[in-house]
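*Asks:* 3D, please:
(chains A, B, C, D, E and F)
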6 protein chains.
Amino acid sequence: MSESKEENRLDAFRKQRAEMNEKILDLDHLGIKRFFNLDTNTYKDGALPMQTKELLGLVASTVLRCNDCIDYHLEQCAESGFSKDEIIDALNVALVVGGSIVIPHLRHAVATLELLEKENTLKSN
Amino acid sequence: MSESKEENRLDAFRKQRAEMNEKILDLDHLGIKRFFNLDTNTYKDGALPMQTKELLGLVASTVLRCNDCIDYHLEQCAESGFSKDEIIDALNVALVVGGSIVIPHLRHAVATLELLEKENTLKSN
Amino acid sequence: MSESKEENRLDAFRKQRAEMNEKILDLDHLGIKRFFNLDTNTYKDGALPMQTKELLGLVASTVLRCNDCIDYHLEQCAESGFSKDEIIDALNVALVVGGSIVIPHLRHAVATLELLEKENTLKSN
Amino acid sequence: MSESKEENRLDAFRKQRAEMNEKILDLDHLGIKRFFNLDTNTYKDGALPMQTKELLGLVASTVLRCNDCIDYHLEQCAESGFSKDEIIDALNVALVVGGSIVIPHLRHAVATLELLEKENTLKSN
Amino acid sequence: MSESKEENRLDAFRKQRAEMNEKILDLDHLGIKRFFNLDTNTYKDGALPMQTKELLGLVASTVLRCNDCIDYHLEQCAESGFSKDEIIDALNVALVVGGSIVIPHLRHAVATLELLEKENTLKSN
Amino acid sequence: MSESKEENRLDAFRKQRAEMNEKILDLDHLGIKRFFNLDTNTYKDGALPMQTKELLGLVASTVLRCNDCIDYHLEQCAESGFSKDEIIDALNVALVVGGSIVIPHLRHAVATLELLEKENTLKSN
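*Replies:* Numbering: from 1, shown residues only, chains lettered A, B, ... in the order given. Prediction:
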């Protein structure tokens, strides 16, 4: 894929995610709204700090093999201050637990990390 | 289940796990031996400390719904110094990511935590 | 397994489920308590009646291959008035969607249905 | 994604699905042909009506996180007369059972429902 | 577990499996009966010999982490003439594809292979 | 999809896979490099020949529903000399074990087989 197209990929995801989440909340289903609220609160500081929980979310998303979830948590992990090396070390745990079936998602994650580096969302090691 | 039977459950798992792992290594299959070695090294200090990686292993095991893996990582998390509240907060991330299908494994995990408390493997909060 | 032991199986599950759920709520983790509350409310009458949603919960539990979840929803389905034939027809959908890997859970479900019939929880067709 | 492109998405899926299913049947593998036949018959009126079984198929597809299967069953559910509110209530069961990992598929499903509304395949509530 | 109890484990599974399969067929649900028939025919000689297909069934069961399915296909693989080394080499493929989450099922499989050796169902290498 | 676009699909995958695998190895994470090495060695001749293990990898990838993994193993299976009929027979095992949720991946696999036939990578039956 060409570079500019790759950059579009992450922005397109953010836009589509925001638009569709809004449409979902507009459905006005009480259970769904509560679930979204619960999901947001899950990653706030608690017994564990927010940062650690974002890393847990990343690994859970990777072993369950969901690219959209991986992209979301990668961005949160980068913004919360994890270095590239720390994120890669977390992805390695997911690879070993989840096996080679995880590799296509590792490729996706590493491509996303590159985009986050270009944006300066991900700090250099 | 009676209390003594429950205490046997964790000890029985440790014994069966150790015995079977030894038998697996005795099969002398190079690929399997390398995988086991890789698995052990995954949780050693690296860009992330061992402790964080054990917590990642716990959450990965919980969303993938494997009780034996949950018990193993719970013990490692407790031994590495995580408090009960921190472990519960990590399990909550797994619950929200993985959904209500995770609840039976949360019940299992909470029962194991009780056993680890009785043994003093898990520190009080 | 002997008949009396099988009858114990369902009662033991109900008891263990109730006890452990109470212990989980006693952990006093706000996120977990909210999730349990949300889960309970999911199956109440809404745009769809409670009964239909219990059947949806049964099929979701079966394709995700969780015996405890299957047992719980089988009981709810039986109590809400579904006949054995209707429940079996729902399990067939799960079998076809989920494949032969579901068969051991179908065996479990059919054994549970027998126990529910003996208790008169499941109405005759 | 632009609106016209989105409308193409559902039509493109229908066309590709029909073409590839034909090619699969042309392979003339007896087991595969029987499986496809069995799959079709699964959703016909039985102890449960076709309509209920399509909803079961939708929820099974959602917790197993397969967008193509979700689109197919959404269309069947809409055509069989379920309202948007009923379908959303079923998707909420899938969300709670399957957890936040299901959210990207919920976004996909809600986008598909919009397309089905525009086509008048989905009846207004 | 004591040795005699372990031997009971495989026999108990065979007995329970046969009894429950009979009960399932006695339900007289046409779709389920056809699925069971299709499942049996899948492993008969075709473009691939039965023996190869049993090995495929074993690896599929292992990455999907179903102990009952693993036990069934291990027995079929052993009876069809695969040596222990060949079966272990197939399980290694499953381990690498499926990751460390497969290890508890590898432990189960190796324990079952031991029982099959004692019975002389599994030929020595 | 137009024919030329479909041919691009397989080539684009090969190119993206090679590029990203190189970037992953350039990360210089010892655990990840060892995993990739282990993965490569898994499919070499051992107690089972390479060819059989590629077929096992294909079926494992199919029941775990990973299109990239399916494409990779389809190519390896074709290059190692399996005929189209043999590969289809293996995919049927995956379909029956994994259920109708596998069908979209069967459609993908059959489209890939067509591309491999056009390239003469797949031998005629």
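*Asks:* Isn't residue A:25 up against residue A:34?
*Replies:* No. The pair residue A:25 and residue A:34 fails to qualify as a contact (CB atoms under 8 Å) at a distance of 11.0 Å. Glycine gets a C-beta too; all of them are placed from N, C-alpha and C.
*Asks:* Please identify which of the two sits among more neighbours.
*Replies:* residue A:34 (18 against 13; other CB atoms under 10 Å in any protein chain shown).
*Asks:* mind pulling up the phi and psi values for that one?
*Replies:* In terms of degrees, to the nearest 10, the main-chain angles of residue A:34 are phi -70, psi -40.
*Asks:* ok, now residue A:44?
*Replies:* The phi/psi pair for residue A:44 (degrees, to the nearest 10) is phi -80, psi 160.
*Asks:* give me the number of residues near residue A:23?
*Replies:* Neighbour tally, residue A:23, other CB under 10 Å: 14.
*Asks:* An error on my part: the question was meant for residue A:30.
*Replies:* For residue A:30, using other CB under 10 Å, the count is 11.
*Asks:* What's the per-residue pLDDT of it here?
*Replies:* The model reports residue A:30 with a pLDDT of 98.
*Asks:* and if you look at residue A:2?
*Replies:* 49.
*Asks:* do residue A:124 as well
*Replies:* 70.
*Asks:* now residue A:15
*Replies:* pLDDT at residue A:15 comes out at 96.
*Asks:* likewise the one 4 residues further on?
*Replies:* Note on residue A:19: pLDDT of 98.
*Asks:* Spell out which helix or strand contains it, please.
*Replies:* helix A:3-26 (DSSP states H and E).
*Asks:* which parts of that helix are buried?
*Replies:* A:10, A:13, A:16-17, A:20, A:24 (16 or more other CB atoms under 10 Å in any protein chain shown).
*Asks:* likewise stretch A:25-45?
*Replies:* A:27, A:29, A:31-32, A:34-36, A:38-39, A:42-43.
*Asks:* can you put these in a markdown table and add secondary structure and distance to chain B?
*Replies:* Shown next, in a markdown table, are these (DSSP: H, G, I helix; E, B strand; the rest coil; distance: CB to the nearest CB, whole Å):
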| residue | secondary structure | distance to chain B |
| --- | --- | --- |
| A:27 | coil | 19 |
| A:29 | coil | 16 |
| A:31 | helix | 12 |
| A:32 | helix | 13 |
| A:34 | helix | 12 |
| A:35 | helix | 9 |
| A:36 | helix | 11 |
| A:38 | helix | 6 |
| A:39 | helix | 6 |
| A:42 | helix | 5 |
| A:43 | coil | 8 |
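*Asks:* Pipe the residues you listed into JSON lines and attach distance to residue B:82 per row.
*Replies:* Output for the buried residues of stretch A:25-45, formatted as JSON lines (distance: CB to CB, whole Å):
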{"residue": "A:27", "distance to residue B:82": "39"}
{"residue": "A:29", "distance to residue B:82": "36"}
{"residue": "A:31", "distance to residue B:82": "32"}
{"residue": "A:32", "distance to residue B:82": "33"}
{"residue": "A:34", "distance to residue B:82": "29"}
{"residue": "A:35", "distance to residue B:82": "27"}
{"residue": "A:36", "distance to residue B:82": "29"}
{"residue": "A:38", "distance to residue B:82": "23"}
{"residue": "A:39", "distance to residue B:82": "23"}
{"residue": "A:42", "distance to residue B:82": "18"}
{"residue": "A:43", "distance to residue B:82": "18"}
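*Asks:* near chain C, which of the residues you listed show up?
*Replies:* A:31, A:34-35, A:38, A:42 (CB under 8 Å from any CB of the partner chain).
*Asks:* from these, which is closest to residue F:49?
*Replies:* residue A:42 (48.1 Å; CB to CB).
*Asks:* Return the residues in contact with the closest one.
*Replies:* A:53, A:57, B:92-93, B:96, C:31 (CB atoms under 8 Å, 6 or more residues apart in numbering or on different chains).
*Asks:* Kindly indicate whether residue A:81 is helix, strand or coil.
*Replies:* Under DSSP: H, G, I helix; E, B strand; the rest coil, residue A:81 falls in the coil class.
*Asks:* Tell me how far it lies from residue F:106.
*Replies:* Look at residue A:81 and residue F:106: by CB to CB, to the nearest Å, they are 44 Å apart.
*Asks:* so residue A:46 is in which element?
*Replies:* Per DSSP H and E, there is no helix or strand for residue A:46.
*Asks:* any idea which element the nearest residue to it once chain neighbours are set aside lies in?
*Replies:* Spatially, and ignoring its direct neighbours in sequence, residue A:46 is nearest to residue B:89 (4.9 Å; CB to CB, 6 or more residues apart in numbering or on different chains). According to DSSP H and E, residue B:89 maps onto helix B:84-98.
*Asks:* Give the other helices and strands that that helix contacts.
*Replies:* helix A:30-42, helix A:50-63, helix B:50-63, helix B:67-79, helix B:103-118, helix C:30-42 (3 or more CB pairs under 8 Å, 6 or more residues apart in numbering or on different chains; DSSP states H and E).
*Asks:* and it with helix B:67-79, angle?
*Replies:* Counting by axes from the mean of the first three to the mean of the last three CA atoms, to 10 degrees, helix B:84-98 lies at 150 degrees to helix B:67-79.
*Asks:* Please write out the alpha-carbon positions of helix B:84-98 in PDB.
*Replies:* Output of helix B:84-98 as PDB, limited to C-alpha atoms (Å, rounded to 0.1, in the frame of the first residue of the first chain):
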ATOM      1  CA  LYS B  84      -5.800  -8.700  45.300                       C
ATOM      2  CA  ASP B  85      -7.400  -5.300  44.300                       C
ATOM      3  CA  GLU B  86      -5.000  -4.900  41.500                       C
ATOM      4  CA  ILE B  87      -5.600  -8.400  40.200                       C
ATOM      5  CA  ILE B  88      -9.400  -7.900  40.400                       C
ATOM      6  CA  ASP B  89      -9.000  -4.700  38.500                       C
ATOM      7  CA  ALA B  90      -7.200  -6.600  35.700                       C
ATOM      8  CA  LEU B  91      -9.900  -9.300  35.700                       C
ATOM      9  CA  ASN B  92     -12.500  -6.500  35.300                       C
ATOM     10  CA  VAL B  93     -10.700  -5.500  32.000                       C
ATOM     11  CA  ALA B  94     -11.000  -9.100  30.800                       C
ATOM     12  CA  LEU B  95     -14.600  -9.200  31.800                       C
ATOM     13  CA  VAL B  96     -15.500  -6.100  29.800                       C
ATOM     14  CA  VAL B  97     -13.500  -7.100  26.800                       C
ATOM     15  CA  GLY B  98     -14.700 -10.700  26.800                       C
END
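*Asks:* quick one: average pLDDT of that helix?
*Replies:* On average, helix B:84-98 scores 98.
*Asks:* now the angle from it to helix C:30-42?
*Replies:* Going by the same axes, to 10 degrees, helix B:84-98 makes 40 degrees with helix C:30-42.
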